[in-house]
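Asks: predicted model and sequence below, questions to follow.
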Amino acid sequence: MIDSKQKDLPYSLSEIRKLAQQSLEDGAVTKDYPLDLEKAYKLLNNALATEIMCVMRYRHHQIIAKGIDRPQVAAEFKEHGDDEQRHMMMIAERINQLGGNPDFNPGTVMERTATEYGKGDNLLKLIEEDLIAERIAIMVYREMIEWFGTGDPTTRRMLESILKDEEDHADDLSDLLRSKQ
């Protein structure tokens, strides 16, 4: 419990109670939310588009993978696709929790995604495309984590969790790539 006698807090407990009673329709977003919500929605919707693209790419690669190593590599694509779908839903739910509208519009996914769908037609090229996409996602999520920083620790922790998965995916794909060369 916050001690209202602490002088280093910006609000007393009675002020916090008053602020909490305002704008109840905003749900989890309280008056003291320090970040630009419109920018937060935009960043998160761009990440959502990237995850949608990753789900589609991994599902496509899972189906079209061919060759003697198909079962192992297709299983890896499936696992990564499942993770990306979970990320997609986490991000969409967070946007909604912050009062925004998660943008699943397929017509704008291509404009907002950081990654590409890919054009590969052999196992090695599919792995390379997915590894490049994972490396892009890693860099984008690091920047987003920096932007959300201490201003929105809930979103930051969610993004850190997603980043860990993306790094694991990149490591898995790098191992697969080395084993095919």
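Replies: Structure's in. What do you need?

Asks: contact partners for residue 81?
Replies: By CB atoms under 8 Å, 6 or more residues apart in numbering, the residues touching residue 81 are 54, 55, 58, 59, 62. Backbone N, C-alpha and C define where each C-beta goes, glycine included.

Asks: separation between the closest residue in space to it that isn't next to it in sequence and residue 115?
Replies: Once flanking residues are discounted, residue 81 sits nearest to residue 58: 3.4 Å by CB to CB, 6 or more residues apart in numbering. From residue 58 over to residue 115 the distance is 11 Å, taken as CB to CB, to the nearest Å.

Asks: overlap of the contact sets of the two?
Replies: By CB under 8 Å, 6+ apart, no residue touches both residue 58 and residue 115.

Asks: ok, the two, which is more surrounded?
Replies: Remark: of residue 58 and residue 115, residue 58 carries more neighbours, 25 against 20, as counted by other CB atoms under 10 Å.

Asks: any idea how far the lowest-mean-pLDDT helix or strand in the chain is from the middle of the chain?
Replies: Lowest mean confidence among the helices and strands of the chain (mean pLDDT, DSSP states H and E): helix 13-20, at a mean of 78. Relative to its chain's centre, helix 13-20 lies at 33 Å (CA atoms, centre = their mean, to the nearest Å).

Asks: check which element follows that helix along the chain.
Replies: Downstream of helix 13-20, the first helix or strand assigned by DSSP states H and E is helix 37-64.

Asks: may I see the buried residues of that following helix?
Replies: 40-41, 43-62 (16 or more other CB atoms under 10 Å).

Asks: before we move on, what about stretch 11-18?
Replies: Quick answer for stretch 11-18 (16+ other CB under 10 Å): residue 16.

Asks: kindly export it (C-alpha atoms) in CSV.
Replies: Presented in CSV, the C-alpha positions along stretch 11-18 are these (Å, rounded to 0.1, in the frame of the first residue of the first chain):
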residue,chain,number,x,y,z
TYR,A,11,0.3,12.2,-5.5
SER,A,12,-1.0,11.6,-2.0
LEU,A,13,-3.2,8.6,-1.5
SER,A,14,-6.3,10.7,-1.4
GLU,A,15,-5.3,12.3,-4.7
ILE,A,16,-4.7,8.9,-6.2
ARG,A,17,-8.2,7.8,-5.1
LYS,A,18,-9.8,10.9,-6.7
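
Asks: quick one: distance of that stretch to the chain centre.
Replies: 34 Å.

Asks: could you give the mean pLDDT of the host helix or strand of residue 77?
Replies: Assigned by DSSP H and E, residue 77 belongs to helix 70-97. Per-residue pLDDT over helix 70-97 has a mean of 97.
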